[in-house]
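Asks: sequence and predicted structure, then a few things I'm wondering about:
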Amino acid sequence: MWRLSTAGESHGKALVAVLEGPPAGLSLSAGDIDRDLRRRQRGYGRGPRMALEADRCEILSGVRHGRTLGSPIALLVPNRDWPNWEEVMSPTPPEPEAAREGHPCRRPRPGHADLAGALKYSHTDLRNVLERSSARATAALVAAGAVARRFLAEFGITCGSHVVAVGGIRAAARPVTPETLAAAEEAPLRCLDPEAEEAMCRAIDEAAERGDTLGGVFEVVVFGLPPGLGTYVTMEGRLDGRLAAAVMAIPAVKGVEVGDGFALAAVPGSQAHDPILPGLRRATNRAGGLEGGMTNGEPLLLRAAMKPIATLRRPLPTVDLDTGEAAVADVHRSDVCAVPAAAVVAEAQVLLVLAAAFAAKFGGDSLAETRRAHHAYQEEIRQWATPTSC
């Protein structure tokens, strides 16, 4: 069973992830993790924090001489900005002069966790909420997701993402393959449509001039999945539900669809489903690689809608919690658009769910044991796909 716990605040000393479940014998290095951490930091529209941070991961436990031990893997991602916040975020009570520097945040931002979090946990300083609810915490998720990526890569499974829309500007449909995703990796927004991407970047610049923010839509694609991950037997075991929950848990994500998703509600059944061809392949992939809560052997296609970031340089109306009177929201350092970064975080979430489903299907305390079970299953699938006639 794969299980992840994370800890850390946006301006604390570090972010920490503890991942249980990876089998023994998996090749893993900090470099494998740093690649995805760098990808999370890139993207047109990112804020000044990304210019300061240069995320690198330190593996604290669970790996020896480059291979996993089968024990929990502990990962540390330091916050380089910590020296500037050491007194404000100190675990120990501050001296009076330091307390004045870290004056309480009392003007909640609409669209953020500030107000509801303060009411739930009885915090009088909104910083106690915003530090943990900040999207900065997703760096720990990405670090753990990189471990899942390495595990699934051993079985020919790859995962990527691309930006579909920003600020209402939508990319034209393009072939989505491992090659096209790799080619777009260095593009400003990782969009497969260069003309649309140029218009998106202009829209981000215009939003920045207005002190505004923009959201958008991204797609996560997974290739090489075997059929049968997940189950139809229990509601909680259905893979589409687990994937949707994982992606919806990402800050600012407000909608998730699999395959053609909402568009399928507008067409008849004859145009909604994917005919099965000899060899057990599909003529189309409207289902997005999931049927009955299980993978069906086609690429997994999952799209998510991200709302505009709630921190605006021209803040929205709110209430001052000290006086109860109308005010403008607190302003904190933030991005104009973080859709490409959210896509990388979604990759991590999807990979973690898939790694857990893969382990549930094939088991294995060691990578070699998992590989044997996977190989036997693949042989069985091949027999189904190429039956011998009597």
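Replies: Ah, there it is. Numbering: from 1, shown residues only.
Asks: close enough to count as contact, residue 126 and residue 103?
Replies: No - checked against Cβ atoms under 8 Å, the pair residue 126 and residue 103 is beyond contact range at 11.2 Å. Any C-beta I mention is one placed from the backbone N, CA and C, and that applies to glycine too.
Asks: these two: who's more crowded?
Replies: For residue 126 versus residue 103, neighbours defined as other Cβ atoms under 10 Å are more numerous around residue 126 (24 against 10).
Asks: got any ranges where the stretch 251-390 of the chain has weak pLDDT?
Replies: Counting by pLDDT under 70, the ranges of the stretch 251-390 of the chain that qualify are 389-390.
Asks: quick one, helices of it?
Replies: Applying DSSP state H, counting those that start in this stretch to the stretch 251-390 of the chain gives helices spanning 339-362, 367-385.
Asks: let's have those in TSV, adding distance to residue 247 and mean neighbour count.
Replies: TSV is the format used below for the helices of the stretch 251-390 of the chain (distance: least, Cβ to Cβ, whole Å; neighbours: other Cβ atoms under 10 Å):
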stretch	distance to residue 247	mean neighbour count
helix 339-362	5	25
helix 367-385	25	13
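Asks: wait, which of the ones you listed is closest to residue 73?
Replies: With Cβ to Cβ, the closest approach to residue 73 among the helices of the stretch 251-390 of the chain belongs to helix 339-362: 12.2 Å.
Asks: report the inter-axis angle for that closest one versus helix 367-385.
Replies: 80 degrees (axes from the mean of the first three to the mean of the last three Cα atoms, to 10 degrees).
Asks: of all the helices of the stretch 251-390 of the chain, which lies closest to residue 271?
Replies: helix 367-385 (25.9 Å).
Asks: mind giving me the packing neighbours of that closest one?
Replies: helix 339-362 (3 or more Cβ pairs under 8 Å, 6 or more residues apart in numbering; DSSP states H and E).
Asks: got the CA positions of the helix it packs on in PDB?
Replies: What follows is helix 339-362, C-alpha atoms only, in PDB (Å, rounded to 0.1, in the frame of the first residue of the first chain):
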ATOM      1  CA  VAL A 339      -1.500  26.500 -14.800                       C
ATOM      2  CA  PRO A 340       1.700  24.800 -16.100                       C
ATOM      3  CA  ALA A 341       2.900  24.300 -12.600                       C
ATOM      4  CA  ALA A 342      -0.500  22.900 -11.500                       C
ATOM      5  CA  ALA A 343      -0.300  20.400 -14.400                       C
ATOM      6  CA  VAL A 344       3.100  19.100 -13.000                       C
ATOM      7  CA  VAL A 345       1.500  18.800  -9.500                       C
ATOM      8  CA  ALA A 346      -1.400  16.900 -11.100                       C
ATOM      9  CA  GLU A 347       1.100  14.500 -12.800                       C
ATOM     10  CA  ALA A 348       2.400  13.800  -9.300                       C
ATOM     11  CA  GLN A 349      -1.000  13.100  -7.900                       C
ATOM     12  CA  VAL A 350      -2.000  10.900 -10.800                       C
ATOM     13  CA  LEU A 351       1.300   8.900 -10.600                       C
ATOM     14  CA  LEU A 352       0.900   8.300  -6.900                       C
ATOM     15  CA  VAL A 353      -2.700   7.000  -7.400                       C
ATOM     16  CA  LEU A 354      -1.600   4.800 -10.300                       C
ATOM     17  CA  ALA A 355       1.400   3.500  -8.400                       C
ATOM     18  CA  ALA A 356      -0.900   2.500  -5.500                       C
ATOM     19  CA  ALA A 357      -3.300   0.800  -7.900                       C
ATOM     20  CA  PHE A 358      -0.400  -1.000  -9.700                       C
ATOM     21  CA  ALA A 359       1.000  -2.200  -6.400                       C
ATOM     22  CA  ALA A 360      -2.500  -3.400  -5.300                       C
ATOM     23  CA  LYS A 361      -2.800  -5.400  -8.600                       C
ATOM     24  CA  PHE A 362       0.700  -6.900  -8.700                       C
END
